[in-house]
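Student: after the sequence you'll find the predicted model.
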Amino acid sequence: MDLNNSDSLSGWPLFPGDIVEYPRNKYFSHFGVYYGERDGVPYVAHLTCRDSDTKLLLYGRALRSEVKLDPLELLGKKYKVNNMLDDTHPPRDFHGVVKPAIEDMMGREVTFDILFHNSEHQATLFRYGVKKSEQIDEIYKYIMPAWKKLFKEKQL
């Protein structure tokens with residue numbers, strides 16, 4: 001997953017239902033699902049904070065979040081298709097399942113939780129019907145041994 005490789009950045013062909021990954025920093029990316037075009041403008045459905053009051057996450061949570069449709073490049077100029085679970089989970093039909101699920105979620109209040117319900121979880125839930133965050137799984141590899149040690153020492 002080399003986001004610095006120009007072959008994998010903006011310009012990649014997108015199909016409705018594809019997961020779009022936007023690099024944010026060395027460790028994290030933001031994810032959405034390509035929705036298609038409206039009046040010639042490509043859109044992405046993604047989980048985001050509702051208003052400026054909730055942009056500061058408290059303990060990795062934002063209580064007032066929602067699924068929104070935004071223009072593809074509004075979320076960032078650098079992005080790539082990352083259908084990361086295609087080898088293990090069949091993608092769901094976009095028009096019959098994914099698009100109605102997106103439309104049903106739009107405007108609903110959702111709790112964003114960096115560990116249990118972030119933009120990657122939401123994107124995989126739409127595409128595959130499975131909540132998964134590979135970036136959080138990667139972090140667990142590092143924090144779980146520390147947590148186990150603290151738990152064993154009765155400090156957690």
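Tutor: That came through fine.

Student: where does the protein dip in pLDDT?
Tutor: Across the chain, the ranges flagged by pLDDT under 70 are 1-12, 50-63, 147, 151, 155-156.

Student: can you pull out the strands in this protein?
Tutor: Under the criterion DSSP state E, the chain contains strands at 19-23, 29-38, 41-49, 61-71, 80-81, 110-113.

Student: in its sheet, what does the second one sit against?
Tutor: Right, strand 29-38. strand 19-23 (antiparallel), strand 41-49 (antiparallel) (DSSP bridges).

Student: distance between it and the chain's centre?
Tutor: Put simply, strand 29-38 sits 9 Å off its chain's centre (C-alpha atoms, centre = their mean, to the nearest Å).

Student: how about the third one?
Tutor: What separates the centre of strand 41-49 from the centre of its chain is 10 Å, taken as C-alpha atoms, centre = their mean.

Student: one more: stretch 81-89?
Tutor: Chain-centre distance of stretch 81-89: 13 Å, with C-alpha atoms, centre = their mean.

Student: contacts for it, please.
Tutor: Residues outside stretch 81-89 that contact it (C-beta atoms under 8 Å, 6 or more residues apart in numbering) are 1, 12-14, 18-21, 31, 34, 91, 124, 127-130, 132, 134. The way it works is simple: take the backbone N, C-alpha and C, and place the C-beta from them, glycine included.

Student: quote the end-to-end distance of it.
Tutor: Taking C-alpha to C-alpha, to the nearest Å as the measure, stretch 81-89 stretches 16 Å from start to finish.
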